[in-house]
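Enquirer: any chance you can model this:
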Amino acid sequence: MIQQLFSGGGKSNLLGVDLTPESISIVEIKQQGANLKLANYASTPMPAGSMEEGKIIDPMAVGSALRQLLGDSRIKQASVAGAIPGREAIVRLLRLPPDLQEDELRDTVLNQEAELYIPFPRDEADIDYQPLGIQVTPEGTEEMEVLLVAIPRDIVDNYVEVLSSAGLQAESIELSSFATIRAIKDQLVQFGPQEAIALVSIGYESTEISIIVSGIPQFTRTIGIGTAQMHQVLGEALNVPSSSADSLLKSLKLPLVDTEFGDRQAGNPGSAAVARVLVDLADELQRSIDFYANQDGSSSVVQILLSGSGASLGDIDVFMSQQLSQTVVLANPFSSINIPASLNIADAEKPSLGVAVGLGLREN
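Expert: From the prediction side, this is the model:
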């Protein structure tokens, strides 16, 4: 089942375990006086063929790799938080009568509203919800906002099986976007209730978009464009094997628009090919923002935050800003976390660790 999807409130942080088609990452965060400290960080490649389209195909192989990583890192923490990609979930912001009592709210959400939005059998889904408070509509009426999340149970079970096979206890399974929001809360609190932020997490197989107001996702969408497509076009353009494309992608210089003359800089065939993928991604992102903006009562999107492995591309924030004519910045999940010299993390890598850090910030 979805365990402690929204709640927390204990004294000790959980161990964050992030599973992606590219890697297995673990983050351990501890309290150090009044501050937070990164106590452990480690990562290892995901076993080949073990994860596809956000689904774990071989839980035992992933669990074995995770167990080895824990042993190599000498991590003793056994209570963990894990995350599932948003593409596997149904997320809806419900607006209900403001005077529902707790039992009425539960019945309304789980037995009435859930049936309207879940495209798979109700008894095969793990469902959770969180009341967000009372809001006043432009017409002056009050509504209770409730965030509903549903995930197919077999997907949750696979994640729990991986953690169990590594000797870990899953205390929390949540959505990757929720974890990232928790990790970048310091970047979000500077914006008001009438300002929306588009969180864009560029992963390996896809990109997840969450439009957030006051820390709450108002709109979510998954786009089938990720670094895998960039690897492919880069390899084809430079005639190199895909195994070499990842390191080449990280060292790539994207062709930017010359601010003096207004022309895009000439790039090599590889950077030009990757730029075309990013242009397609920017177009889809703009469509998502436009769709959200056309909804009644929507807030204006004032900034775009980039996270995920694709955010490590050099100058991607500048490239996307020029393409979208919008303020684009990189997510920084470590803004309030002390990183010891022994765990030095390159600035370019930090935006990709939002999920792992957000999970590590969960309290038991």
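
Enquirer: low-confidence stretches in the stretch 251-364 of the chain?
Expert: Confidence mapping of the stretch 251-364 of the chain against pLDDT under 70 gives the ranges 259-267.

Enquirer: show me where it has its helices.
Expert: Along the stretch 251-364 of the chain, counting by DSSP state H, counting those that start in this stretch, helices occupy 269-293, 316-324, 354-360.

Enquirer: check which residues of the second one are buried.
Expert: Just to be clear, that refers to helix 316-324. Ile316, Asp317, Phe319, Met320, Ser321, Gln322, Gln323, Leu324 (16 or more other Cβ atoms under 10 Å). C-betas here are computed from N, CA, C, even on glycine.

Enquirer: what's near enough to touch the closest residue to the second one other than its chain neighbours?
Expert: Meaning Asp317. Leaving out its chain neighbours, the residue that sits closest to Asp317 by Cβ to Cβ, 6 or more residues apart in numbering is Val328, at 4.8 Å. Listed by Cβ atoms under 8 Å, 6 or more residues apart in numbering, the contact partners of Val328 are Gln303, Ile304, Leu305, Leu306, Asp317, Val318, Met320, Ser321.

Enquirer: could these be laid out in a markdown table, adding distance to Arg106?
Expert: Shown next, in a markdown table, are those (distance: Cβ to Cβ, whole Å):
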| residue | distance to Arg106 |
| --- | --- |
| Gln303 | 36 |
| Ile304 | 36 |
| Leu305 | 33 |
| Leu306 | 37 |
| Asp317 | 42 |
| Val318 | 47 |
| Met320 | 41 |
| Ser321 | 44 |
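
Enquirer: related to what we said a few turns ago, ranking the helices of the stretch 251-364 of the chain by mean neighbour count, which comes first?
Expert: Mean neighbours per residue, mean count of other Cβ atoms under 10 Å, is largest over the helices of the stretch 251-364 of the chain for helix 354-360, with a mean of 30.

Enquirer: neighbours of the residue lying closest to Pro193 once chain neighbours are set aside, just the number please.
Expert: Setting aside the residues directly before and after it, Pro193 is nearest to Ser214 in space (Cβ to Cβ, 6+ apart), at 5.1 Å. Applying other Cβ atoms under 10 Å, we find 17 residues neighbouring Ser214.

Enquirer: ok, Ser214 touching Ala196?
Expert: No: contact criterion Cβ atoms under 8 Å: Ser214 and Ala196 do not qualify, at 9.3 Å.

Enquirer: for the helix or strand where Ser201 lies, packing partners?
Expert: For Ser201, the host element (DSSP states H and E) is strand 195-202. Judged by 3 or more Cβ pairs under 8 Å, 6 or more residues apart in numbering; DSSP states H and E, strand 195-202 is in contact with helix 176-183, strand 207-213, helix 269-293, strand 300-307.

Enquirer: reformat the ones you listed as CSV; add distance to Pro333.
Expert: Listed next are these as CSV, based on distance: least, Cβ to Cβ, whole Å:
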stretch, distance to Pro333
helix 176-183, 4
strand 207-213, 15
helix 269-293, 21
strand 300-307, 8
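
Enquirer: ok, which of those comes nearest Gln190?
Expert: Judged by Cβ to Cβ, the one of the helices and strands packed on strand 195-202 that comes nearest to Gln190 is strand 300-307, at 9.4 Å.
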